[in-house]
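> Predicted model, plus sequence, below.
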Amino acid sequence: MKTKTTRWKISDELWSKIEPLLPVPVNPHPRGGGKKRVPYRKVMNGILFVLKTGCQWKSLDATGICSGSTAHLRFQEWQRAGVFLQFWQKGLLEYDDLHGIEWKWQSMDGAMTKAPLGGEKNGRKPDRSGQKRR
């Protein structure tokens, strides 16, 4: 039986695509000491859990996936290194190979007009000019 956090684990196939994008860790200690890093796959499981569920980083502590502070630290580090951008680009190109993307025509989702049933504005303007200061 799968536990709640087991279903959030990265598959071997997906990990084989993510792992080469991750920067090689550099040990800042002069003699190579310091605390051993949490395995990158475990940390990425935590990051993807937060991104998927929208929970707070510290909520990861209760899941047993990894520490929220470690996941957030690596997320920031990998964001600066461009890992997520590269992963998105590779995924987009792979999707293009499998299903095709119409590159000549693209649009952004957005509202260019008023809501059809939105009605007229019938209240005071939100500039709060009618309020007195204390």
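Looks like it came in fine.

> how far does stretch 21-28 sit from the chain's center?
Distance, stretch centre to chain centre, for stretch 21-28: 20 Å (Cα atoms, centre = their mean, to the nearest Å).

> center of this structure - which residue?
The centre of the chain sits closest to residue 51, judged by Cα atoms, centre = their mean, with a distance of 4.5 Å.

> quick one: it and residue 82, what's the gap?
Residue 51 sits 17 Å away from residue 82 when distances are taken as Cβ to Cβ, to the nearest Å. C-betas here are computed from N, CA, C, even on glycine.

> just residue 16 next, same as before
19 Å.

> you'd agree residue 90 is up against residue 16?
No - between residue 90 and residue 16 there is no contact under Cβ atoms under 8 Å: 11.7 Å.

> Looking at those two, which is more packed in?
More crowded of residue 90 and residue 16, by other Cβ atoms under 10 Å: residue 90, with 14 against 10.

> And for the more buried one, nearest residue in space, chain neighbours not counted?
residue 17 (6.7 Å; Cβ to Cβ, 6 or more residues apart in numbering).

> and the one you found, what helix or strand is that in?
Assigned by DSSP states H and E, residue 17 falls within helix 12-18.

> Quick one: name whatever helix or strand follows that helix.
Once the chain leaves helix 12-18, the next helix or strand it forms, by DSSP H and E, is helix 40-53.
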